[in-house]
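> I would like the atomic coordinates for the input below:
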Amino acid sequence: MELIKDNKEKLRSVYRLSNGFIRKYWYNKNILWMSSHADLVKKFVPNYVYNYGENELGVWLDMYPIKGTPANTIPHTKEFVEKIYKFCLDNIDKTYPYAHGDWVLSNMFIVDEEIKLCDWDNLGIYPKQEVIEKLHSDLRSAFGDLFDEVLHDTASV
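Here you go, the predicted model:
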């Protein structure tokens, strides 16, 4: 297992397994939570969850890796910001009242012309206004003033 990310504050780690799968550990959750979480992720992202379980470290979720270009490596053009924003809004509509909850660019991959989300840790039920505010905050953090331009243009239409 190769450690990819270790978040001591959130008590989570991410590993790449020798078979290519991505394994995320939660050190402060139980198997009942994991079972429910895995079922929800499977509902919204078919063919993403491979397996889950529990061991001496905690609960874990094995996921198929997403083969694509990380969105945080793509130049920030206005068209790209618009594409990301539209994708996120569409995703919110598809999953509501559930929401992904973490729209940072490192959680998005471009596969051909399609955008795919990973890292569904925050998947849950949230009030719509809270979801939109979090989305705007995440995209403003990623794109800065360019996102505000897109937001202004979208509101004007």
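
> and the host helix or strand of Ile4, which strands flank it?
Assigned by DSSP states H and E, Ile4 falls within strand 2-7. With DSSP bridges as the test, strand 2-7 is paired with strand 12-16 (antiparallel).

> which residues sit against the partner strand?
1-7, 22-27, 65, 121 (Cβ atoms under 8 Å, 6 or more residues apart in numbering). The C-beta positions use only the backbone N, C-alpha and C, and glycine is treated the same way.

> try 10 Å this time
Applying Cβ atoms under 10 Å, 6 or more residues apart in numbering, the contact partners of strand 12-16 are 1-7, 21-29, 57-58, 60-63, 65, 119, 121.

> which among these end up buried?
22-26, 29, 58, 60-63, 119, 121 (16 or more other Cβ atoms under 10 Å).

> with distance to Asn72, pLDDT and secondary structure added, can I get those in CSV?
Converted to CSV, the buried ones among the contacts of strand 12-16 look like this (distance: Cβ to Cβ, whole Å; pLDDT from 0 to 100; DSSP: H, G, I helix; E, B strand; the rest coil):
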residue, distance to Asn72, pLDDT, secondary structure
Ile22, 17, 96, strand
Arg23, 22, 97, strand
Lys24, 19, 97, strand
Tyr25, 23, 97, strand
Trp26, 24, 96, strand
Lys29, 27, 94, coil
Gly58, 28, 94, strand
Trp60, 25, 97, strand
Leu61, 22, 97, strand
Asp62, 24, 97, strand
Met63, 19, 97, strand
Asp119, 12, 93, coil
Asp121, 17, 91, coil
